[in-house]
Every structure is written in C-alpha cells, then in structure tokens.
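1. Need the 3D shape of this:
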Amino acid sequence: MARYIGPKSKIARKFKEPIFGADRAFEKKNYPPGQHGISKRKGKQSEYGIQLMEKQKAKYTYGILEKQFRNIFDKASRKGGVTGEVLLQLIESRLDNVVYRIGIAKTRSQARQLVSHRHIVVNGNIVNIPSYMLKTGDVIGVRERSKSLEVITDSIGSRATYSWLDWNSEKMEGKFLNYPQRSEIPENIKEQLIVELYSK
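-> Numbers count the residues shown, from 1 in each chain. This next block holds a predicted model:
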C-alpha cells in the first residue's frame, strides 16, 4: 500500500498549516523549513506554482499519492456538477477518511492502518482497502473482535460531528448518510486551483 511516510512537521511548515493535525513542532516553528526559513524572502510565486502547492496540500492532507489523486480527479470530471466540489466529495467518501471523521481513529494515517489490518467492516463485511469509496447508506463499523482495542477505545468520544455522518456509540458503527456539501468539509483547500492545474 503506497503512502507518504516522510517527515510531517516539515511538510506542515512548508504549507504554513498544521495539515496533519496538532503538532508541537509546527507551533514552535511556524515558519518555512530549512536553514534560512525565517529570513527567506520568496519572489512572486507563479500561477502554476500556486496551483501546484494547492494540489500538493490536498494530497498530503488526505494521504493520497499522485496516481490515485489523478484517478479521483478524472472520475470527478466525468461525474458532472462542479468538478472541484465533486473531487472533494469523492475524497471524503474514501473509507479511511470516513473512519477518521466518525472518530474510530485520531488521524487519517491511523485510520488507514486500522482498515488495512482488517479491523473495519462495511455493511457487515471486512474491507481492508483504505481507498474503498463508500456509497450513500453504507454502514461502517468496528469488527467484533477489534472493539476492545485500546487504539480504538481511546479515539472514540473525541470526534467532531458532521451532518453527513451518523454515529451509534453503542454498536460502534456509523452510517454514511450522503456526500457532504462543500460548506460541510472543514479542510482549507482551494479546489478550484486544482481544477485549473489539471485543466492545462
């Protein structure tokens, strides 16, 4: 399973946002990485550079590599509607992201690991593909044998609530009610710049 395993604080500092979640290193050094990070003066960034940075930020935020990201974009552009919004809706419907959103995992990388280690079920069946795209009405839960895992019990209870997801704490399962509207997705991503980049 391909995934980014490099330094995270460095990437967050590059984008000047804690895109991987709370990070003490980022809070301490909230300036660009490198020897001249504080004093570095950047020239005016090109239009292409701005668009590329936005795409890279989206990829790192959701933990998706280039080929997969491109495939999701192609699917979004064929689907109809506002391409940028559909792109984010498709990414948000990935199983690893939903496991993170409903609070079974504290981070997306942790959610990805839980899925690939067969701790998560969809509609009662084990699914170990983090990129699995959920459909409206799908029920996501914790496998019966995994409900007592410390990593899961520690995460549950610290989740934010989303109108497009339903969570049943007794059964330890959530429901994917519908694709979220753009206003319901909290990530600070300018998706139109990504569309412009891929449309060149």
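2. Who are the contact partners of the spatially most central residue of the chain?
-> Nearest residue to the geometric centre of the chain (C-alpha atoms, centre = their mean): residue 62, 2.8 Å. By C-beta atoms under 8 Å, 6 or more residues apart in numbering, the residues touching residue 62 are 91, 94, 97, 108. All C-beta atoms are positioned from the backbone trio N, CA, C, and that covers glycine.
3. Closest one to residue 191 out of these, please.
-> Nearest to residue 191 out of those is residue 91 (C-beta to C-beta; 9.7 Å).
4. What values do phi and psi take at residue 166?
-> phi -120, psi 140 (degrees, to the nearest 10).
5. In the chain, where is pLDDT below threshold?
-> Residues of the chain meeting the criterion pLDDT under 70: 1-6, 8-10, 12, 14-43, 157-158.
6. Would you map out the domains in it?
-> 8-90, 94-178 (automatic domain parsing).
7. and the helix or strand hosting residue 88, what other elements does it pack with?
-> For residue 88, the element it lies in under DSSP states H and E is helix 83-92. For helix 83-92, the elements it packs on are helix 66-79, helix 95-101, helix 191-198, judged by 3 or more C-beta pairs under 8 Å, 6 or more residues apart in numbering; DSSP states H and E.
8. what about 10 Å?
-> helix 47-62, helix 66-79, helix 95-101, helix 191-198 (3 or more C-beta pairs under 10 Å, 6 or more residues apart in numbering; DSSP states H and E).
9. Please compute how far that helix lies from its chain's middle.
-> Taking C-alpha atoms, centre = their mean, to the nearest Å, the mean C-alpha location of helix 83-92 is offset from the chain mean by 11 Å.
10. ok and that helix relative to helix 47-62, angle-wise?
-> 20 degrees (axes from the mean of the first three to the mean of the last three C-alpha atoms, to 10 degrees).
11. between helix 83-92 and helix 191-198, how big is the angle?
-> Going by the same axes, to 10 degrees, helix 83-92 makes 100 degrees with helix 191-198.
12. picking up where we left off before, nearest to residue 7 among the contacts of residue 62?
-> Of the contacts of residue 62, the one sitting nearest to residue 7 (C-beta to C-beta) turns out to be residue 108, at 16.5 Å.
13. Return the distance of the closest residue to residue 154 other than its chain neighbours relative to residue 115.
-> For residue 154, ignoring the flanking residues on the chain, the nearest one in space by C-beta to C-beta, 6 or more residues apart in numbering is residue 106 at 7.6 Å. Taking C-beta to C-beta, to the nearest Å as the measure, residue 106 falls 14 Å from residue 115.
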